[in-house]
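Undergrad: Following is a predicted model, sequence given first.
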Amino acid sequence: MTQHKVVAEDSLSAMDEISRVLGKEAVILNTQKVNGKIEILGSNNIEDIASSNAKKINKQKSNFSRLFTNQALEKDNQARRYNTILQNQNIKSDLNLHNLNETKTDLKEVKSDNFDKKFVDIGTFETFSNKLENMLKNMIISDIDDYSKDKNNSLTIDLLKKGFSKKVISEFQEKIINNKEISDLELIFYHHLAKKLIFPYEDQIKNSNVLFLNGPSGSGKTTLCAKIASYILDNLLSTNEKHKLSIINFGPKSSDYSELLNFGKLLNLNVASVSSLDDLIQYIEENRIKTKLIIDVSQEYKNLSGYLDYLEKIARNEKCSNLLTIPASSNKNMINSIMNFYKNSFPTMVLTKLDESHISAEELSILAELNCKIGILSGSRSIIGSIAFAKSEVLAQYMKDISI
């Protein structure tokens, strides 16, 4: 037998029949659709096979003609069976990448107006994915009935609801995992977190000859500067030693530091102003031994060339200190950005404006995750008065009050 004609419902069935009757090396001579069915003429004649191979070499086949190419049927049939199985079973792993590449090619041909209506660009998709990931970051999916059986797990749910991060809660639970006798785990958690965050700063102020005050505009640096100066005058210097304390405004010549000047007059202190890094370095080197210096750094000089490098270098000296003011109303993104900028200058945090707003559990969590240390708590309504050095008991009570 050299030629065989098959009429079937579809081409796959027809080619299976050709392969079964004529063998794996058979070729397709002709394919046509008759009365809604597929009619295929195949052959295993050596002359037909040779003629088919010659035509294949001499003539470039179109994409459509390759659907019915004259190559060995077994490979075609296997490929078609494989694709059919994948489609029927909805296997997407390898096909997704293939479809994505085809989609990218097709997208190039789509007009811009249709593109906006039908497709989402990669940047938008990545932004959406990041937001979704952040939303799910602290989510726990479990049977809520199981959590009611274990007070530790129940505490996790309660603290997550109040805004504390899963990472901070997990660190706490690892420490008390074997202690089942504690009656008030939530209060113990607040004390644990407070101790992690608090840094005893009173001795640091006493021992530092140079105190830098950094932070964003409106964060209360100037008010804090006056409060620290007032504390030093009341507790560390006698009435005749006011000359041993100076306030420096470090900012552009055009900056307005009239508020700082007013504080200086009220406290009867010298207030100097320098606008270049070289002048600041010279002033510090000439006066740091005989005078305690408080430097109010303008936000405009945060990115001044060489300033951050100098701050990181001088902050390594135990006689120098870097205070970083963070308003209580700051969100976690702002805190993260500020801390990443100053992380190598050993900053001690000052939570300011606590009498105007409160810092939430979410922000306290990010402070803990970044290993921040809080040294001072401060308000803004009382301009000059004693500053509150941070204590773990006070912060723990604060967290308990804002969680109610």
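TA: That came through, no problem.
Undergrad: mind checking how far stretch 192-209 is from the chain centre?
TA: Relative to its chain's centre, stretch 192-209 lies at 28 Å (CA atoms, centre = their mean, to the nearest Å).
Undergrad: Tell me where the model's unsure across the stretch 251-400 of the chain.
TA: Where the stretch 251-400 of the chain drops to pLDDT under 70, the residues are 381-386.
Undergrad: for it, what spans make up the strands?
TA: 270-274, 292-297, 320-327, 347-352, 374-377, 388-389 (DSSP state E, counting those that start in this stretch).
Undergrad: Identify the residues contacting the closest residue to residue 267 other than its chain neighbours.
TA: Leaving aside its chain neighbours, residue 267 sits nearest to residue 229 (5.7 Å; criterion: CB to CB, 6 or more residues apart in numbering). C-betas here are computed from N, CA, C, even on glycine. Neighbour list for residue 229: 245, 247, 263, 267, 269, 294 [criterion: CB atoms under 8 Å, 6 or more residues apart in numbering].
Undergrad: Can you tell me which of those residues comes closest to residue 7?
TA: The closest of those to residue 7 turns out to be residue 294 (CB to CB; 97.7 Å).
Undergrad: Please name the bridge partners of the closest one.
TA: residue 211, residue 247 (DSSP bridges).
Undergrad: Make sure it is actually in contact with residue 250.
TA: No - taking contacts as CB atoms under 8 Å, residue 294 lies outside contact range of residue 250: 10.7 Å.
Undergrad: anything in contact with each of these two?
TA: Common neighbours of residue 294 and residue 250 (CB under 8 Å, 6+ apart) do not exist.
Undergrad: Report the separation between residue 199 and residue 231.
TA: 17 Å (CB to CB, to the nearest Å).
Undergrad: now swap in residue 3 and tell me
TA: Taken as CB to CB, the span from residue 3 to residue 231 is 106 Å.
Undergrad: of these two, who's got more company?
TA: residue 231 (19 against 14; other CB atoms under 10 Å).
Undergrad: does that one really touch residue 205, like I thought?
TA: Yes - Residue 231 is within contact range of residue 205, at 7.2 Å (criterion: CB under 8 Å).
Undergrad: tell me which element residue 6 falls in.
TA: Residue 6 is located in strand 3-8, with elements delineated by DSSP states H and E.
Undergrad: pLDDT averaged over the next helix or strand after that strand - what is it?
TA: Later in the chain than strand 3-8, the nearest helix or strand by DSSP H and E is helix 11-22. Average pLDDT, helix 11-22: 79.
Undergrad: now helix 11-22 and strand 3-8, what's the angle there?
TA: Interaxial angle, helix 11-22 versus strand 3-8 (axes from the mean of the first three to the mean of the last three CA atoms, to 10 degrees): 150 degrees.
Undergrad: residues of helix 11-22 that come out buried?
TA: 11, 14-19, 22 (16 or more other CB atoms under 10 Å).
Undergrad: re the thing from before, I'd like to know which elements the strand holding residue 6 is packed against.
TA: helix 11-22, strand 37-43 (3 or more CB pairs under 8 Å, 6 or more residues apart in numbering; DSSP states H and E).
Undergrad: Please enumerate the helices of the stretch 301-404 of the chain.
TA: 307-314, 332-342, 361-369, 392-403 (DSSP state H, counting those that start in this stretch).
Undergrad: Tabulate those in TSV, adding columns for mean neighbour count and distance to residue 41.
TA: Output for those, formatted as TSV (neighbours: other CB atoms under 10 Å; distance: least, CB to CB, whole Å):
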stretch	mean neighbour count	distance to residue 41
helix 307-314	16	81
helix 332-342	16	70
helix 361-369	21	73
helix 392-403	17	82
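Undergrad: and those as a markdown table, adding distance to residue 275?
TA: Listed next are the helices of the stretch 301-404 of the chain as a markdown table, based on distance: least, CB to CB, whole Å:
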| stretch | distance to residue 275 |
| --- | --- |
| helix 307-314 | 12 |
| helix 332-342 | 21 |
| helix 361-369 | 33 |
| helix 392-403 | 38 |
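Undergrad: which one of those lies closest to residue 156?
TA: Comparing those under CB to CB, the one sitting nearest is helix 361-369, at 13.4 Å.
Undergrad: can you list the domain ranges for the chain.
TA: According to automatic domain parsing, the chain comprises the domains 3-89, 202-403.
Undergrad: Figure out which of the helices and strands packed on strand 3-8 is closest to residue 339.
TA: Using CB to CB, the helices and strands packed on strand 3-8 put helix 11-22 closest to residue 339, at 63.5 Å.
Undergrad: The closest one vs strand 37-43, what angle?
TA: Going by the same axes, to 10 degrees, helix 11-22 makes 30 degrees with strand 37-43.
Undergrad: Can you show me the CA trace of helix 11-22 as CSV?
TA: C-alpha atoms of helix 11-22 as CSV (Å, rounded to 0.1, in the frame of the first residue of the first chain):
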residue,chain,number,x,y,z
SER,A,11,-7.0,16.5,11.9
LEU,A,12,-5.5,14.8,15.0
SER,A,13,-7.7,11.7,14.6
ALA,A,14,-7.0,11.6,10.9
MET,A,15,-3.3,11.7,11.3
ASP,A,16,-3.4,9.0,14.0
GLU,A,17,-5.2,6.8,11.4
ILE,A,18,-2.6,7.6,8.7
SER,A,19,0.2,6.8,11.1
ARG,A,20,-1.4,3.5,12.2
VAL,A,21,-2.1,2.3,8.6
LEU,A,22,1.0,3.6,6.7
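Undergrad: Now do that helix: which elements does it pack against?
TA: Partner elements for helix 11-22 (3+ CB pairs under 8 Å, 6+ apart): strand 3-8, strand 27-34, strand 37-43, helix 73-89.
Undergrad: Much appreciated, bye for now.
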